[in-house]
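*Asks:* Just a sequence and a predicted model for now, questions to come.
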Amino acid sequence: MKISALLLALASSAMADQVIAPRITGAELAKLQQQSPLKTLQKPAPAQANTPAAEPPSIVKQSVILHDGKNWTLVPKGSVVFIPAALANRVNVKPVGTLLAWADFFVKNRSWITTNDVSFDQAAGNQPIPAERVAFWSKQDKIVVAVHQTGPISVKLPDQSQAATTP
């Protein structure tokens with residue numbers, strides 16, 4: 001019985017809300033104590049009402065929208081490596097209709113979307129995408145999306161003039 005009471009007491013103190021104070025270095029503490037030995041550390045003032053709150057990250061703002069008229073999908077910014085002029089109206093438009101997963105959207109729209117498989121080194125820009133692949137993109141009338149293991153991946157193109165048209 002005593003053990004369960006002790007465990008309950010320990011668990012309740014562990015579950016209690018902890019006050020998080022900004023970290024202070026030893027030098028800063030010594031300086032504060034020299035000024036006033038009895039000075040205590042205080043909580044930072046709450047954010048003022050007139051300062052705008054930080055906007056939470058948005059997956060839509062970090063993505064490119066592909067749209068076929070009825071359905072749409074999101075791919076990471078930098079993954080669309082070639083856009084023919086005739087298909088520019090299908091990229092980054094207001095999403096209307098049904099949101100589909102990339103794989104489902106790609107299957108439905110293979111007539112105007114193609115993929116280019118890249119390695120992690122190519123995506124990071126450490127290894128160039130072969131010039132013959134880049135030249136081939138302009139010979140077809142399809143949007144080219146860089147993928148790694150069938151999933152869209154952002155690509156850092158070392159030379160932005162490498163692709164005929166980039167997003």
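*Replies:* Yes, it's here. Bear in mind the structure is a predicted one, so any value in this text is a computation, not a measurement.

*Asks:* Now do the SS call for Thr114.
*Replies:* strand (DSSP: H, G, I helix; E, B strand; the rest coil).

*Asks:* for the protein, what spans make up the helices?
*Replies:* Using DSSP state H, the helices of the chain run over 2-15, 26-35, 102-108, 120-124, 131-137.

*Asks:* does Trp72 really touch Trp102, like I thought?
*Replies:* No: the pair Trp72 and Trp102 does not pass the contact test of C-beta atoms under 8 Å, sitting 10.9 Å apart. From N, CA and C alone the C-beta is placed, and that goes for glycine too.

*Asks:* Can you report how many residues neighbour Val80?
*Replies:* Around Val80 sit 24 other residues, with neighbours defined as other C-beta atoms under 10 Å.

*Asks:* What does the pLDDT read for it?
*Replies:* The model reports Val80 with a pLDDT of 91.

*Asks:* wait, isn't it in contact with Val145?
*Replies:* Yes: counting by C-beta under 8 Å, Val80 touches Val145, with 5.6 Å between them.

*Asks:* Mind listing the shared neighbours of the two?
*Replies:* Taking C-beta atoms under 8 Å, 6 or more residues apart in numbering as the contact rule, Val80 and Val145 both touch Leu66.

*Asks:* in the chain, what spans have low per-residue confidence?
*Replies:* 1-21, 36-53, 158-167 (pLDDT under 70).

*Asks:* Mind checking which residue lies nearest the centre of the protein?
*Replies:* The centre of the chain sits closest to Gln62, judged by C-alpha atoms, centre = their mean, with a distance of 5.5 Å.

*Asks:* For that residue, grab phi and psi.
*Replies:* Backbone torsions for Gln62, taken as degrees, to the nearest 10, come to phi -100, psi 10.

*Asks:* mind listing what it touches?
*Replies:* Residues near Gln62 by C-beta under 8 Å, 6+ apart: Pro76, Lys77.

*Asks:* Count the residues that sit near the nearest residue to Trp102 once chain neighbours are set aside.
*Replies:* Of all residues not flanking Trp102 in the chain, Thr73 sits nearest, at 5.3 Å (C-beta to C-beta, 6 or more residues apart in numbering). Under the neighbour criterion other C-beta under 10 Å, Thr73 is assigned a count of 25.

*Asks:* Next one: Thr73 relative to Ala135, how far apart?
*Replies:* According to C-beta to C-beta, to the nearest Å, Thr73 stands 27 Å off from Ala135.
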